[in-house]
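Asks: Need coordinates for the following:
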Amino acid sequence: MSKIACVIVTYNRKRLLIEALSSVLAQAEKPEYIIIVDNASTDGTSQLIHSKFNFKSKNLFYLRSTQNLGGSAGFAQGIQLALKTDCDWISISDDDAIFQPGYFAALRKSIDQHPRQQVFSGSVLLPNGQHDAMHREILTNQTTLTTRPVSEAAYDRDFMYDIFSFVGVLLRRDLIEKIGLPEKDYFIRFDDFEYALRARQAGPFLNVHDAKVLHKTTYTRTAIAPWKEYYVMRNRIASLYKHRGKNWQTKGYSCQFLARKLLAILLFKDRLKQAKPLIGAYVQGFQDGQRGHLGRNPKFLP
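Replies: The predicted structure is shown next:
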């Protein structure tokens, strides 16, 4: 049977982390290794989870960063640690991903049925029971790397797609060794998008209908945080230039992306209330993306 290492990255969400970790440990066919990467949480995460789980176990690991380097660096650290085990596959998720019963059993069954497949995932559900369409997407333009969500009808069965998020995705070890670690300098946002572009070189991804993960997110497309939007703008441009180069088409798309983001401020009441910080975040993100200035920006932090 294939051995799986499950990487979970957390920051200041200790209650959600307990639920996420418990959902992995409760699996009938649980992963052989579970790795928690704590991005320097300040809410007592370390004390609480060590009081509830046995980290002296040979298959349960806890790694705490000395500072919050963002989800991108957290995933890179977790995957790097997973590669030190004898795992065959690595699962990646945030602390708000709650694996539903039978998740890893369904993925292992698909691994046996599709021995050449490099990447699997499960269907992402919102608390209201609807599919979270942001996490499984189809590339619609190879030049600008634009995407559309997989249709709702596709979720009635297994399906192939092009772009994953780091919510319930499972990658073959050999593929990870080939494409490397996630871009740790992205901090947050689009690190999974960029990583999917690299992984896609080995073929499309397979979403398994019988594997489901509940995403307990509070993110919406209307109510957004300006500091996060800085990384959305910057990293989207950086990933585009990395994979398609800096030319008139990609430069033109980058300008369109900025224009759409600025226009959206006028369309949503919640964004209009934050107009000044949002404009500042988008403009700075655009400039840094153009220049390739990555890393943790002290002006844009939670």
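Asks: Quick check: most distant residue from the centroid of this protein.
Replies: residue 248 (29.4 Å; C-alpha atoms, centre = their mean).
Asks: Where does the prediction get shaky in this protein?
Replies: 218-223 (pLDDT under 70).
Asks: residue boundaries of the strands in it?
Replies: 4-10, 33-38, 60-64, 89-94, 97-99, 119-125, 136-141, 146-149, 159-161, 163-164, 169-172, 205-215 (DSSP state E).
Asks: Start and end of stretch 178-192, how far apart?
Replies: One end of stretch 178-192 sits 16 Å from the other (C-alpha to C-alpha, to the nearest Å).
Asks: do the same with stretch 43-61
Replies: End-to-end distance for stretch 43-61, by C-alpha to C-alpha: 19 Å.
Asks: For that stretch, give me every contacting residue.
Replies: 10, 12-14, 17-18, 21, 25, 31-36, 38, 62, 64, 81 (C-beta atoms under 8 Å, 6 or more residues apart in numbering). Placement of C-beta: from N, CA and C, glycine included.
Asks: what's residue 249 in contact with, if anything?
Replies: 143-144.
Asks: thinking again about what came up before, now a ChimeraX select for only the buried ones of the contacts of stretch 43-61.
Replies: Applying 16 or more other C-beta atoms under 10 Å to those, the buried members can be selected in ChimeraX as follows:
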select :10,12,13,14,17,18,21,31,32,33,34,35,36,38,62,81
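Asks: Now do the contacts for the closest residue to residue 264 other than its chain neighbours.
Replies: Spatially, and ignoring its direct neighbours in sequence, residue 264 is nearest to residue 271 (6.3 Å; C-beta to C-beta, 6 or more residues apart in numbering). Residue 271 sits next to 222, 224, 264-265, 278 when contact means C-beta under 8 Å, 6+ apart.
Asks: that older thread, take the strands of the chain and lay them out in CSV including distance to residue 231.
Replies: Listed next are the strands of the chain as CSV, based on distance: least, C-beta to C-beta, whole Å:
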stretch, distance to residue 231
strand 4-10, 15
strand 33-38, 18
strand 60-64, 23
strand 89-94, 15
strand 97-99, 20
strand 119-125, 21
strand 136-141, 19
strand 146-149, 18
strand 159-161, 24
strand 163-164, 17
strand 169-172, 20
strand 205-215, 19
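Asks: State the number of residues packed around residue 97.
Replies: As a burial measure, residue 97 scores 28 neighbours (other C-beta atoms under 10 Å).
Asks: With residue 301 instead?
Replies: 11.
Asks: how about it, what does it touch?
Replies: Counted by C-beta under 8 Å, 6+ apart, residue 301 has contacts 68, 227.
Asks: sorry, back to before: which entries within the contacts of residue 271 meet the buried criterion?
Replies: Here, 16+ other C-beta under 10 Å leaves 224, 264-265, 278 buried among these.
Asks: looking at the sheet around residue 125, what are its partners?
Replies: Residue 125 has these beta-bridge partners by DSSP bridges: residue 131, residue 214.
Asks: Let's have the buried ones among the contacts of residue 271 in a markdown table, adding distance to residue 86.
Replies: Output for those, formatted as a markdown table (distance: C-beta to C-beta, whole Å):
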| residue | distance to residue 86 |
| --- | --- |
| 224 | 42 |
| 264 | 47 |
| 265 | 50 |
| 278 | 47 |
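Asks: can you tell me which of these are in helices?
Replies: Secondary structure defined by DSSP state H assigns 264-265, 278 of these to helices.
Asks: Nearest to residue 175, out of those residues: which one, please.
Replies: Minimum distance to residue 175 across these is 35.5 Å, recorded for residue 264 (C-beta to C-beta).
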